[in-house]
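Peer 1: got a structure for you, letters missing:
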């Protein structure tokens, strides 16, 4: 027996800048030409975003190759769409000198980022998020991928964008329900990491709901700052990054059980209420915290009760199959005080006694 | 305009060991259980390898989940097969705790490695190469991927294995033609990097052709050592790694133009002869070198002439579309003396005057 050791220590600077402002989408193409000279740009977007005029704004009079995902939304977030985008790039003879731009919401970003991760063994990509959810969450973090028939984000990669363009002017075209639900991730960021930001959201809520661009730019910057500080400490979700899943154990279960009738943010809002109840009953959080969280989510117009047609049994079944579960026991991220995630023994997600989980689910029943 | 900087410097130790010997395949499963405790093993192999009994040898009496690629060979190296493997893993509820094993030749290794790169955003994989080509070349290096309708290795990733098992006993079942063609990569390694290894191959050729296990283990170790030392200096082919493409500019063109009637090694042998002629005519290599290279390749039984039905025009067309071409001008790796690749201005592949390329192509005509 012979043994040959292959020594490979890789170090790579994957740092990037997120640009935030109103109207910056129209200059993104020129900015990219400076940042990544000589690359051919291929835009991945969807039918809704194109109809809203954002593809035209991005192209700004130039000819830009693109693939328009149709229908928009999670139902197209699969390998069939990935194949269609890859084929389109091959057919138009794109090569290693490509630069992919993800123009749209979370689905577009996840899918386009995954395409960039595997096309010619990897080409750079930029994120141009056009929803409150994507600007707060998915555009930063580098998790890309698509769903399988059996599970969410079944296939994917870790791939950081070379730049993010968060143009808050694009949020003007969002429908009211999606706009509000997307803001739940902002509330989540405040709850896990920044008490002063929580107060800011509370005070500025009226302006925020009127889509004031100054406030939107401020929260985009704060969201990206918080998410970046977490991701840069734990890019591949081995520990700290789990705090970003606050509200997602129950939230994801409700979202799935509703057959995606509830929006992600609406379901996560309910998940936050359940997690707040857990922290309260465990004696981890003071009784003052849950009502304050509930009040902020109510101002956003989020539901306070889980849909009646979803049983606790259905939620248990989904939570125990969740990929964050350990030996089929669901794990919960908790907040011990607003602005601070709970951590014990270097663990940010914990198993909780089933009777307490049942009480927490009761708390989001009428 | 606000700018938020996301600082992400990743450092990762991707080192691994290649184990080399006769009969080590039967203990690989136990070794992996020690190296990667608690992981569920999923084997990707092909119909030929299974028929040769290697899957049974690997399983060694245990129940092992597997996907058998059928038909074997490059024709199955596409996204449809990747999807079939991914679906099989999902259907059998494999998760983040999976460990993929690539059992077979280069196609199996490229495809299984790509599956491991994208399943649940990446799980570890091991290579168990069962061909002279894969043991010399593809099992080490971390380039994984599949072909598209339009180009080779169109979609893929860089993904290092966690271990390589080069069991030289598996080579006993190879057909003679494939066995010999796979040894061309060994000759190539000697030519670009190790003059003493070149002499070793020359002296041991009879034993090598009789598949002597001691000699096979020795060359496997040398091949992996050479390839590893190149790859660890340049994992993503930005410079030095190009020397591994010695003989591949013309070789790949002949392989493609032949409709894959010529095996990769057979075509690369012709490519080496052409590149040797180029180096000679450019005055880079002494006249003694080309005949010595030709003699070693002849001992391996490689063709000395390009098939008559392949025109120079066809080769030019393919070479100018090659992804290593720059502005449609093909690039060549040259050897200035046996055991040493030519380098000028830190460049390992150079453009050569078309009239000299024509003369080099003449040299592989009868």
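Peer 2: Done, it's in. Just so it is clear, the model here is predicted, and its values are computed rather than measured. Numbering: from 1, shown residues only, chains lettered A, B, ... in the order given.

Peer 1: Looking at chain A, which helix is longest?
Peer 2: helix A:213-233 (DSSP state H).

Peer 1: Quickly note the distance from residue A:176 to chain B.
Peer 2: From residue A:176 over to chain B the distance is 26 Å, taken as CB to the nearest CB, to the nearest Å. The C-beta positions use only the backbone N, C-alpha and C, and glycine is treated the same way.

Peer 1: Skipping its backbone neighbours, what lies nearest the residue in the stretch 201-350 of chain A that chain B sits nearest to in space?
Peer 2: Distance from chain B to each residue of the stretch 201-350 of chain A (CB to the nearest CB) is smallest for residue A:228, at 4.1 Å. Closest residue in space to residue A:228, ignoring its immediate chain neighbours: residue B:6 at 4.1 Å, by CB to CB, 6 or more residues apart in numbering or on different chains.

Peer 1: need the residues of the stretch 101-250 of chain A near chain B, please.
Peer 2: A:114, A:117-122, A:140, A:142-143, A:145, A:148-151, A:153-158, A:160, A:217, A:220-221, A:224-225, A:228, A:231-232, A:235 (CB under 8 Å from any CB of the partner chain).

Peer 1: which residues does the residue nearest to residue A:228 bridge with?
Peer 2: residue A:16 (DSSP bridges).

Peer 1: what's the pLDDT at it?
Peer 2: pLDDT, residue B:6: 91.

Peer 1: Now do it: how many residues are near it, please.
Peer 2: Using other CB atoms under 10 Å in any protein chain shown, residue B:6 has 23 other residues around it.

Peer 1: list the contacts for it?
Peer 2: Going by CB atoms under 8 Å, 6 or more residues apart in numbering or on different chains, residue B:6 touches A:15-18, A:140, A:160, A:224, A:228, A:231-232.

Peer 1: For residue A:325, give its distance to residue A:363.
Peer 2: For residue A:325, the distance to residue A:363 equals 21 Å [CB to CB, to the nearest Å].

Peer 1: and these two? which has more neighbours close in?
Peer 2: Relative neighbour count places residue A:363 above the other of residue A:325 and residue A:363, with 20 against 16, counting by other CB under 10 Å.

Peer 1: Relative to chain B, how far out is that one?
Peer 2: 31 Å.

Peer 1: Go ahead and confirm the residue of the stretch 201-350 of chain A closest to chain B touches residue B:3.
Peer 2: No. The pair residue A:228 / residue B:3 is not scored as a contact, 11.9 Å apart, by CB atoms under 8 Å.

Peer 1: what sits in contact with each of those two?
Peer 2: Taking CB under 8 Å, 6+ apart as the criterion, residue A:228 and residue B:3 both touch residue A:18.

Peer 1: Looking at the two now, which is surrounded by more residues?
Peer 2: residue A:228 (21 against 10).

Peer 1: While we're on that one, how confident is the model there?
Peer 2: Value for residue A:228, per-residue pLDDT: 91.

Peer 1: for the one 10 residues further on, same thing?
Peer 2: Here, the pLDDT recorded for residue A:238 equals 81.

Peer 1: next one: residue A:127
Peer 2: Residue A:127 is assigned 98 on the pLDDT scale.

Peer 1: other SSEs contacting the helix or strand that contains it?
Peer 2: Using DSSP states H and E, residue A:127 sits in strand A:125-129. Applying 3 or more CB pairs under 8 Å, 6 or more residues apart in numbering or on different chains; DSSP states H and E, one finds that strand A:125-129 contacts helix A:28-35, strand A:98-104, helix A:106-118, strand A:163-167.

Peer 1: Direction included, what does the lowest-mean-pLDDT helix or strand in chain A pair against?
Peer 2: Least confident helix or strand of chain A, by mean pLDDT, DSSP states H and E, is strand A:9-13 with a mean of 89. Sheet pairing of strand A:9-13 (DSSP bridges) gives strand B:9-13 (antiparallel).
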